[in-house]
Each structure stands twice: as structure tokens, then as C-alpha cells.
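1. just to be clear, the model below is a prediction. Sequence and coordinates:
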Amino acid sequence: MDYGPTYTPPVKKLLTDVGTRFDHINDLLDWLNEGLLTVTRSIETHNNDNDILRKKRLENAITYVEVYRDQLANVDSLKWDLNNLLDKCAPARGVLESIRKERIDALKTGPDQKSLPLARPLEDDNLQGA
């Protein structure tokens, strides 16, 4: 029986190692997040202006590197492809209404009934913009 890949402990990187940009960017993000965690813990015990400034700079650097990584991966165009796929797979209105009615009926017949959701019809019948 195959239980999937086995755990391999991480190996310390050398200057001669070769990798992809994404590997290096993700490593950098890991280091920045570790630094942010350390500075946040330091601020909890010893609140000083230096650490607060360092925390703000680390947060900005993490945001910048994440944006750079997303641009390299072309996330924006992939996001729209995923949204279009989800729009094509949306269930019909009757299916959603039947699921809602089943849940309300289950709540009505349940022994530990506390409150029911308000049964109100949807105002907008055109769901293509949603």
C-alpha cells in the first residue's frame, strides 16, 4: 500500500545551489515571516520604537515580495479563468431553493430547534451579475 511521499528533512542551502525563482522567493518569504514573528514576540515583551519600525518594514517587505511572486506566476489571468469556470458550474436557481427548503424543514422537525432563518424570496431574479 502506498502512503504517499516520505518525509525528507530540509537541507541547508549553499551558495552553489541552483533552484527556481519561485523556490528562492518562497524561501525569502519564509525568512521574512520568521523575522516578523520574532519581532512581534519581542514587541510583546519589550515594547520599543525600533522594533515597531522593524515590524512595519517587514510587513511591507512581505507584501512587496508576495505581489512580485503573484506577478511572476501570472495569478491575475489565472484568477479570471477560475472565476469563469466557477460561473459556468453554478447550480440552477431551483436547486438552491430546494436545498434551502430542505434545511428549513430539517430545522422545523429537529428536537433542538432554536430559531429559523427568515424565509424571504430573493429580490433579484437575474443572478448573472453575482
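-> Arrived safely, thanks for sending. Numbers count the residues shown, from 1 in each chain.

2. got a list of contacts for the worst-scoring helix or strand of the chain on mean pLDDT?
-> Across the helices and strands of the chain, mean pLDDT, DSSP states H and E gives its lowest value to helix 75-88, namely a mean of 77. Here helix 75-88 makes contact (CB atoms under 8 Å, 6 or more residues apart in numbering) with Asp70. In short, each C-beta sits where N, CA and C put it, glycine included.

3. what residues of it count as buried?
-> Judged by neighbour count (16 or more other CB atoms under 10 Å), helix 75-88 contains no buried residues.

4. just the CA trace of it, in PDB.
-> Extracted C-alpha coordinates of helix 75-88, given in PDB (Å, rounded to 0.1, in the frame of the first residue of the first chain):
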ATOM      1  CA  VAL A  75      -2.100  34.900 -10.900                       C
ATOM      2  CA  ASP A  76      -4.400  37.700 -12.200                       C
ATOM      3  CA  SER A  77      -5.100  36.000 -15.500                       C
ATOM      4  CA  LEU A  78      -5.500  32.600 -13.800                       C
ATOM      5  CA  LYS A  79      -7.900  34.200 -11.200                       C
ATOM      6  CA  TRP A  80     -10.200  35.300 -14.000                       C
ATOM      7  CA  ASP A  81     -10.100  31.800 -15.600                       C
ATOM      8  CA  LEU A  82     -11.100  30.300 -12.300                       C
ATOM      9  CA  ASN A  83     -13.900  32.800 -11.900                       C
ATOM     10  CA  ASN A  84     -15.200  32.000 -15.400                       C
ATOM     11  CA  LEU A  85     -15.100  28.300 -14.600                       C
ATOM     12  CA  LEU A  86     -17.000  28.700 -11.400                       C
ATOM     13  CA  ASP A  87     -19.600  30.800 -13.100                       C
ATOM     14  CA  LYS A  88     -20.200  28.100 -15.700                       C
END
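
5. how about low-confidence regions in this structure?
-> For the chain, applying pLDDT under 70 flags the ranges 1-4, 13-17, 110-130.

6. need the contact list for the residue nearest to Thr40 when sequence neighbours are not counted.
-> Closest residue in space to Thr40, ignoring its immediate chain neighbours: Lys55 at 6.3 Å, by CB to CB, 6 or more residues apart in numbering. Applying CB under 8 Å, 6+ apart to Lys55 gives the contacts 36, 39-40, 43.
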